[in-house]
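Visitor: Requesting a structural model of the entry that follows:
(one chain, ligands or ions: 1)
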Amino acid sequence: MATPTLTEIAYRTLQQSRSIAGLAHKEISTKLMELVAPDVTPRTEPVPGDMLMQLRQSMAELEDLDWREAEQGVYPTTQLFNLPWVDWATRYPKLWLDLPSTWNRRRERNIRDLPDHADEALYPDYYLQNFHHQTDGYLSDHSAELYDLQVDILFNGAADAMRRRVIAPLKRGLRHFADRPAASLKVLDVATGTGRTLQQIRAALPEATLVGLDLSQAYLRQANRWLNQGDSNLVQLLQGNGEAIPLADASTQAVTCVFLLHELPAEARQAVIDQCYRVLEPGGVFVLADSIQLADSPQFEVAMDNFRKAFHEPYYRDYISDDIDNRLRQAGFTGIGAESHFMTRVWTATKPAEA
Ligand SMILES: C[S@@+](CC[C@H](N)C(=O)[O-])C[C@H]1O[C@@H](n2cnc3c(N)ncnc32)[C@H](O)[C@@H]1O
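Guide: Residues are numbered from 1 along each chain as shown. Okay, here's the model as predicted:
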């Protein structure tokens with residue numbers, strides 16, 4: 001076995017620390033909830049020992065792959081350390097201060113506790129909820145400030161490693177347009193949120209034209225802060241619904257979509273996939289990442305069920321039994337493949353060149 005380089009040791013140490021920090025945060029906040037607000041403690045199932053081992057193994061495999069792909073140049077190793085440390089450190093206390101209002105919403109079963117300034121007519125009804133019991137749903141700067149940190153804690157520091165799994169299939173898919181200048185290739189990230197996937201994609205494809213679409217202005221504002229500073233190519237950020245993407249037919253060469261589908265009702269899921277197909281140029285690639293499902297990861301059923309019980313995720317149960325391959329076929333995609341990495345499943349599909 002080759003001796004690990006200093007960079008690899010640094011990466012693995014960082015991941016271990018993120019994992020410990022995530023676990024410790026969840027452990028302490030759960031204990032606090034049991035003490036202060038026992039009536040709202042979710043009735044989750046205990047995770048069996050063998051499943052814990054399998055989860056650890058699966059996370060270790062994700063970390064190995066993440067390192068290997070960086071080493072192979074799929075994306076620069078600097079991406080493995082790309083965390084907004086100062087922002088996260090200053091925002092972390094707000095997570096704790098936010099807990100009592102989260103508990104209150106749970107207690108009152110209030111899933112529509114949204115800011116007064118939100119013009120509800122602008123959004124689909126399914127969107128107007130406090131997903132994850134999050135304060136303000138997706139509709140405030142406060143929510144956008146805390147989101148990435150919350151996701152990182154939820155996945156014990158593995159969220160970015162899971163997002164990076166879209167990069168290899170994306171680059172493979174774009175080889176179809178290898179005869180064109182890199183700057184003429186457009187990649188659209190649907191439901192980009194605060195733009196963390198786009199940050200990773202930009203590092204891997206620095207010349208491509210990148211576009212991020214999301215329904216939340218507040219999340220796009222945060223994405224703009226993180227993406228559009230310095231002298232890198234400007235990322236275009238569009239406010240809009242993935243069910244009606246405001247781009248012309250066949251106008252992009254690649255589309256990515258990360259962690260959206262499980263938050264959509266079934267019809268919206270199909271509508272988003274159909275739209276991704278519509279905006280792709282024939283020969284273009286669609287890379288979709290979302291939660292693992294019961295069919296591919298039955299061994300993690302308890303973890304999936306606990307996620308649904310602990311967080312407000314109204315469409316998750318339906319999503320984990322949904323046949324996404326079939327939805328992709330229904331939209332017209334071919335060459336459909338999928339693989340699972342820890343808690344994420346990544347689908348790759350192509351719009352036929354003759355479409
Ligand atoms: C769980 S977050 C995922 C964000 C990001 N892709 C990531 O990796 O963290 C879901 C995102 O989808 C956005 N969203 C939900 N429904 C949408 C829709 N119909 N069209 C566009 N964006 C949507 C939300 O505003 C939010 O930013």
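Visitor: so what's the residue in the stretch 51-200 of the chain that the ligand sits nearest to up against?
Guide: Nearest residue of the stretch 51-200 of the chain to the ligand: residue 193, at 2.7 Å (Cβ to the nearest ligand atom). Where you see a C-beta, it was placed from the backbone N, CA and C, and this is true even at glycine. Contacts here follow Cβ atoms under 8 Å, 6 or more residues apart in numbering; on that basis residue 193 touches 147, 214, 216, 219, 223, 259.
Visitor: Please repeat the previous calculation with a cut-off of 10 Å.
Guide: Contacts here follow Cβ atoms under 10 Å, 6 or more residues apart in numbering; on that basis residue 193 touches 138, 144, 147-148, 151, 212, 214-216, 219-220, 222-223, 258-260.
Visitor: Residue 136 now?
Guide: 101, 113-115, 117-118, 130, 142-144, 146, 216, 218.
Visitor: filter those residues down to the ones near the ligand?
Guide: residue 216 (Cβ under 6 Å from any ligand atom).
Visitor: Report the buried members of the contacts of residue 136.
Guide: Buried by 16 or more other Cβ atoms under 10 Å: 113-114, 118, 130, 142-144, 146, 216, 218, out of the contacts of residue 136.
Visitor: quick one: buried residues of the longest helix along the chain?
Guide: If you go by DSSP state H, the chain has its longest helix at helix 6-36. By neighbour count on 16+ other Cβ under 10 Å, the buried set for helix 6-36 is 8, 11-12, 15, 18-19, 22, 25, 33.
Visitor: Among those, give me the pair with the biggest separation.
Guide: For these, the farthest-apart pair by Cβ to Cβ is 8 and 33; their separation is 37.5 Å.
Visitor: May I ask which helix or strand encompasses residue 187?
Guide: Per DSSP states H and E, residue 187 falls inside strand 186-190.
Visitor: can I get the CA coordinates of that strand in CSV?
Guide: C-alpha atoms of strand 186-190 as CSV (Å, rounded to 0.1, in the frame of the first residue of the first chain):
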residue,chain,number,x,y,z
LYS,A,186,-23.4,25.4,-20.3
VAL,A,187,-24.1,23.5,-17.1
LEU,A,188,-27.4,24.2,-15.3
ASP,A,189,-27.8,23.3,-11.6
VAL,A,190,-31.4,23.0,-10.8
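Visitor: Distance to residue 164, secondary structure and pLDDT for the buried ones among the contacts of residue 136 - can I get that in a markdown table?
Guide: Below are those laid out as a markdown table (distance: Cβ to Cβ, whole Å; DSSP: H, G, I helix; E, B strand; the rest coil; pLDDT from 0 to 100):
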| residue | distance to residue 164 | secondary structure | pLDDT |
| --- | --- | --- | --- |
| 113 | 33 | coil | 89 |
| 114 | 32 | coil | 91 |
| 118 | 32 | coil | 83 |
| 130 | 28 | coil | 93 |
| 142 | 27 | helix | 95 |
| 143 | 24 | helix | 96 |
| 144 | 22 | helix | 97 |
| 146 | 22 | helix | 95 |
| 216 | 23 | coil | 97 |
| 218 | 25 | helix | 96 |
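Visitor: Out of those, which comes closest to residue 333?
Guide: Among the buried ones among the contacts of residue 136, and counting by Cβ to Cβ, the member closest to residue 333 is residue 216, at 27.0 Å.
Visitor: And what about the closest residue to residue 350 other than its chain neighbours, helix, strand or coil?
Guide: Once flanking residues are discounted, residue 350 sits nearest to residue 335: 4.1 Å by Cβ to Cβ, 6 or more residues apart in numbering. Put simply, residue 335 is strand when judged by DSSP: H, G, I helix; E, B strand; the rest coil.
Visitor: and residue 335, what does it touch?
Guide: By Cβ under 10 Å, 6+ apart, residue 335 lies in contact with 173, 285-286, 328, 348-352.
Visitor: follow-up on the earlier one: what strands line up against the strand holding residue 187, and which way round?
Guide: Strand pairing for strand 186-190, using DSSP bridges, gives strand 209-214 (parallel), strand 252-258 (parallel).
Visitor: among those, which is nearest residue 239?
Guide: It is, among the strands paired with strand 186-190 and with distance given as Cβ to Cβ, strand 209-214, at 6.8 Å.
Visitor: how much distance is there from the closest one to the middle of the chain?
Guide: Remark: strand 209-214 is offset 15 Å from the chain centroid, using Cα atoms, centre = their mean, to the nearest Å.
Visitor: now stretch 90-99
Guide: Centroid separation between stretch 90-99 and its chain, computed with Cα atoms, centre = their mean, is 21 Å.
Visitor: Tell me the buried residues in that stretch?
Guide: Those would be 91, 95, 98, for stretch 90-99 by 16+ other Cβ under 10 Å.
Visitor: In contact with the first one, which residues?
Guide: Meaning residue 91. Residues counted as contacts of residue 91 (Cβ under 10 Å, 6+ apart) are 84, 142, 145-150.
Visitor: Among those, which one lies nearest to residue 311?
Guide: Checking the contacts of residue 91 one by one against residue 311 (Cβ to Cβ), the nearest turns out to be residue 150, at 9.9 Å.
Visitor: and that closest one, how many neighbours?
Guide: By other Cβ atoms under 10 Å, 17 other residues sit near residue 150.
Visitor: What is whatever helix or strand it lives in packed up against?
Guide: In the assignment (DSSP H and E), residue 150 maps to helix 141-154. Judged by 3 or more Cβ pairs under 10 Å, 6 or more residues apart in numbering; DSSP states H and E, helix 141-154 is in contact with helix 6-36, helix 85-107, helix 159-163, helix 196-204, helix 217-227.
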